[in-house]
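Trainee: Sequence plus predicted model, see below.
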Amino acid sequence: MVRDYLNKHKLTIRSLVDRDSRVSALYGVRGTPTRFLINRAGKVVAGSVGPRDWDSEEARRLIATLLAPDGKPS
């Protein structure tokens, strides 16, 4: 189901289905949907709980800034 959704919307993000809740416990997930932005070094740099509009230009700039190697979007 998740793969179909990602393909339908042409999303290339990595996605995790946490069937046994191990990752949820590790990161302290309190609700769904929960999203984490993990930088190239593997550090959680941002996250959200609940629905969000991640398709806005503002959200795209935020993500680009958080994931940029120097903290500045290219």
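Mentor: Yep, that arrived.

Trainee: longest helix anywhere in the protein?
Mentor: Using DSSP state H to assign secondary structure, the helix with the most residues in the chain is helix 57-67.

Trainee: Just the buried positions in that one, please.
Mentor: Using 16 or more other C-beta atoms under 10 Å as the test for burial, helix 57-67 gives residue 63. Using the backbone N, CA and C atoms, a C-beta is placed for each residue, glycine as well.

Trainee: Which parts of the protein are strands?
Mentor: Taking DSSP state E to define them, one finds strands in the chain at 34-38, 44-49.

Trainee: Specify the stretch among the ones you listed that is closest to residue 67.
Mentor: strand 34-38 (6.7 Å; C-beta to C-beta).

Trainee: Might you report the residue contacts of residue 16?
Mentor: Counting by C-beta atoms under 8 Å, 6 or more residues apart in numbering, residue 16 touches residue 23.
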